[in-house]
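Novice: Got a predicted model here, sequence first, then my questions.
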Amino acid sequence: MLHLCQGCGRTDLADLESAIDGAFAARQVRIVAQPCMNGCARPVSMALQSAGRATYFFAGVDPATDIPDIVATLRAYINAPQGWIEDARPCGRLRLCLVGRVPTL
């Protein structure tokens, strides 16, 4: 699941949704617009979360211009055992936006 904060200003997600739909199998990635993710100091906040996988929290993401890096990060997340990305270089600029990574329960 890809959570995107909508609290600091509404973000148009149509281009991102289209890119994700073209890159992944149907329903493999679900985008959820969150009212606020409490990362207001560095909008826009984004999180990756899935059952049995690590959770990632990013800040300072631009859903309009970071589309290739978001898709690459999703691919790395999906392909990583338990969602634990060992090499974040393919994530591009998003690796510098990472605020925290929480292991699976």
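Specialist: Everything's here; your move.
Novice: Quick check: buried residues in the top helix by length along the chain?
Specialist: Ranked by residue count and defined by DSSP state H, the top helix of the chain is helix 67-79. Buried residues in helix 67-79, counted by 16 or more other C-beta atoms under 10 Å: Ile67, Asp69, Ile70, Val71, Ala72, Thr73, Leu74, Ala76, Tyr77. Where you see a C-beta, it was placed from the backbone N, CA and C, and this is true even at glycine.
Novice: and that helix, what does it pack onto?
Specialist: Contacts defined by 3 or more C-beta pairs under 8 Å, 6 or more residues apart in numbering; DSSP states H and E place helix 67-79 against helix 14-23, strand 46-48.
Novice: Contacts only, for Phe57.
Specialist: Contacts for Phe57 (C-beta atoms under 8 Å, 6 or more residues apart in numbering) come out as Met37, Gly39, Ser45, Met46, Ala47, Leu98, Val99, Gly100, Arg101, Val102.
Novice: Looks to me like it is in a helix.
Specialist: No - assessed with DSSP: H, G, I helix; E, B strand; the rest coil, Phe57 is strand; it does not lie in a helix.
Novice: Could you check the pLDDT of it?
Specialist: On pLDDT, Phe57 comes in at 98.
Novice: If it is in a bridge, with which residues?
Specialist: Beta bridges link Phe57 to Ala47, Gly100, judged by DSSP bridges.
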